[in-house]
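Student: Could you look at this predicted model? Sequence included:
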Amino acid sequence: MACSWEPCSWDVVRPSLGWQCGEPRDVPSVLAPIAAADLCNFAVPRDAPTKLPVPRARPEPDIAFRPRAPTPEQALRAAAERDDAAAVLRLARAVDDVDARSGDGATALHAASEANALRAATALARTLRADVDARDGFGRTPLFAAAVLGHRGVVEALLAAGADADARDRQGRSPFWAACAVRHLDVAASLARAGARVDARDAAGARALDHAEALGHADVVAFLRAQGAAAGVDT
């Protein structure tokens, strides 16, 4: 039978092994590395197609992707974050609840407090009567969010609107405790003047004074002692 294959580099190996052209043989294991390295040199049959079929292109979608418009609640939160009080007052008329929660449980007032958006926070707390003690998924109020970030103006605005100075998060920490932990002593002083407990303990039993002494924050220790914090006091 005539060979239907073009000559290839295996034609050099076949005669030495006694193979006949076109005769099927298993490649000996000793030649496996040669076979693996020579796979790219094998010739193709004469009657093999010279071109492979070209895959069809995917059709273009009929409708282009368009981002989804924000909900009224999302628009209100965005306006609060950028401290746009006029937009906050306008958008509040389109929402069912000015205290609507986001995925993490935060309200628009949380967003304004975190962003140091004083005008928006005041509009929400005083004009729109938003819940100043609303808690997010971590149990933190807008006052806590402003205190831990050092936003004194927002802290004082929330206190003036009736925010609870001792509202604790899920770890038992108050806004005063948190402000002292991050050394925002001006914020802590405002909270102390509003009646925050300076010796309150967190869920682990530690006071702000204990935390400051453990970290060697001498300025915080001096501040807390001046505010009346003392050893052995349990509240």
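Tutor: Yes, it's here. Numbers count the residues shown, from 1 in each chain.

Student: so what's residue 163 up against?
Tutor: 125, 132, 133, 141, 142, 143 (C-beta atoms under 8 Å, 6 or more residues apart in numbering). The way it works is simple: take the backbone N, C-alpha and C, and place the C-beta from them, glycine included.

Student: and it, what helix or strand is that in?
Tutor: Assigned by DSSP states H and E, residue 163 falls within no helix or strand.

Student: Residue 176 too?
Tutor: Assigned by DSSP H and E, residue 176 belongs to helix 175-181.

Student: just to revisit the earlier point, the contacts of residue 163 in helices, which ones?
Tutor: 142, 143 (DSSP state H).

Student: And the contacts of residue 163, which of them are buried?
Tutor: Buried residues within these, counting neighbours by 16 or more other C-beta atoms under 10 Å: 125, 132, 141, 142, 143.

Student: Turn those into JSON lines, columns for pLDDT and distance to residue 164.
Tutor: Putting the buried ones among the contacts of residue 163 into JSON lines (pLDDT from 0 to 100; distance: C-beta to C-beta, whole Å) gives the following:
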{"residue": "125", "pLDDT": "97", "distance to residue 164": "13"}
{"residue": "132", "pLDDT": "97", "distance to residue 164": "8"}
{"residue": "141", "pLDDT": "98", "distance to residue 164": "7"}
{"residue": "142", "pLDDT": "98", "distance to residue 164": "11"}
{"residue": "143", "pLDDT": "98", "distance to residue 164": "7"}
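
Student: Centroid-nearest residue for the chain?
Tutor: residue 104 (10.5 Å; C-alpha atoms, centre = their mean).

Student: just checking, it is part of a strand?
Tutor: No - counting by DSSP: H, G, I helix; E, B strand; the rest coil, residue 104 is not part of a strand but coil.

Student: ok, and the closest non-adjacent residue to it?
Tutor: Counting by C-beta to C-beta, 6 or more residues apart in numbering, residue 137 is the residue found nearest to residue 104 once chain neighbours are left out, at 5.0 Å.

Student: OK, contacts around that neighbour?
Tutor: With C-beta under 8 Å, 6+ apart, residue 137 has these contacts: 104, 105, 106.

Student: 10 Å instead, please
Tutor: Residues near residue 137 by C-beta atoms under 10 Å, 6 or more residues apart in numbering: 101, 102, 103, 104, 105, 106, 170.

Student: among those residues, which ones are buried?
Tutor: Burial by neighbour count, 16+ other C-beta under 10 Å: within the contacts of residue 137 this picks out 101, 106.

Student: Span of stretch 221-230 from start to end?
Tutor: 10 Å (C-alpha to C-alpha, to the nearest Å).

Student: Could you pull out the buried residues of that stretch?
Tutor: Buried, per 16+ other C-beta under 10 Å, within stretch 221-230: 221, 223, 224, 227, 229.
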